[in-house]
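Asker: sequence and predicted structure are below.
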Amino acid sequence: QVQLVESGGGSVQAGGSLRLSCVVSGRTFWRYAMGWFRQAPGKEREFVAAVDWSGGRLSYADSVKGRFTISRDNAKNTVYLQMNSLKAEDTAVYYCATPNTGSIPRALDYDYWGQGTQVTVSS
C-alpha cells in the first residue's frame with residue numbers, strides 16, 4: 001500500500017519561508033516522479049512543482065518559479081518543497097503526489113496522494 005505523508009506546513013508572514021516534506025512508503029521511491037500540488041479555498045487544485053525519478057528534471061508552475069524549489073532524497077524516500085518569499089496567495093493546502101512513471105507526467109496523471117498540509121501566509 002502506497003502512503004504519502006506530508007509535513008512542514010504552518011503559518012508564516014509574507015516574505016517568509018517554509019520547507020515541506022513528504023515521506024513515501026510502500027513502493028520503490030527512487031523509480032518514480034514526485035509532484036507538489038496545492039488547493040486554495042474555493043479554487044481548484046493546481047500544479048506547483050515536480051521532479052523526475054533522478055532529480056535531474058524539474059518542472060514549476062509560473063507562479064512559483066524563482067521562489068520555490070523541489071528536491072528529493074532517494075535515500076530517505078522523501079521529497080521536499082522549499083518555499084521562499086511567500087505571498088498571501090500561496091495560502092493553500094499542499095499535497096504531494098506520485099505517478100506510476102519515472103518521468104514527470106501530466107498533472108492529471110498522478111496516482112497516489114497524501115492528505116495535505118496547510119500553509120497560511122499572512123500579509
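Answerer: Looks like it arrived, so ask away. Numbering: from 1, shown residues only.
Asker: switch to C-alpha atoms for all contacts and neighbour counts from now on
Answerer: Will do.
Asker: would you map the strands across this protein?
Answerer: 3-7, 10-13, 18-25, 34-39, 46-51, 58-60, 68-73, 78-83, 92-98, 112-113, 117-122 (DSSP state E).
Asker: and Ala40, what does it touch?
Answerer: Going by Cα atoms under 8 Å, 6 or more residues apart in numbering, Ala40 touches Thr91, Ala92, Val93.
Asker: next one: it, what pLDDT does it get?
Answerer: Note for Ala40: predicted pLDDT of 97.
Asker: and the contacts of Ala40 as CSV, adding pLDDT, neighbour count and distance to Val5?
Answerer: Listed next are the contacts of Ala40 as CSV, based on pLDDT from 0 to 100; neighbours: other Cα atoms under 10 Å; distance: Cα to Cα, whole Å:
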residue, pLDDT, neighbour count, distance to Val5
Thr91, 98, 20, 19
Ala92, 98, 21, 17
Val93, 98, 18, 13
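Asker: in terms of contact, does Arg91 touch Thr120 like I think?
Answerer: You called it Arg, but residue 91 is Thr. Yes. Look at Thr91 against Thr120 with Cα atoms under 8 Å: they come within range, at 4.6 Å.
Asker: closest to the centroid, which residue in this protein?
Answerer: Trp36 (2.3 Å; Cα atoms, centre = their mean).
Asker: quick one: residues contacting it.
Answerer: Trp36 sits next to Phe47, Val48, Ala49, Ala50, Leu81, Tyr94, Tyr95, Cys96, Ala97 when contact means Cα under 8 Å, 6+ apart.
Asker: pLDDT value on the fourth one, please?
Answerer: This points to Ala50. pLDDT at Ala50 comes out at 98.
Asker: which ones are touching it?
Answerer: Ala33, Met34, Gly35, Trp36, Leu58, Ser59, Tyr60, Ile70, Ile104.
Asker: ok, and the closest non-adjacent residue to it?
Answerer: Counting by Cα to Cα, 6 or more residues apart in numbering, Ala50 lies nearest to Gly35, which is 4.0 Å off, once chain neighbours are set aside.
Asker: can you give me the neighbour number for the one you found?
Answerer: 29 (other Cα atoms under 10 Å).
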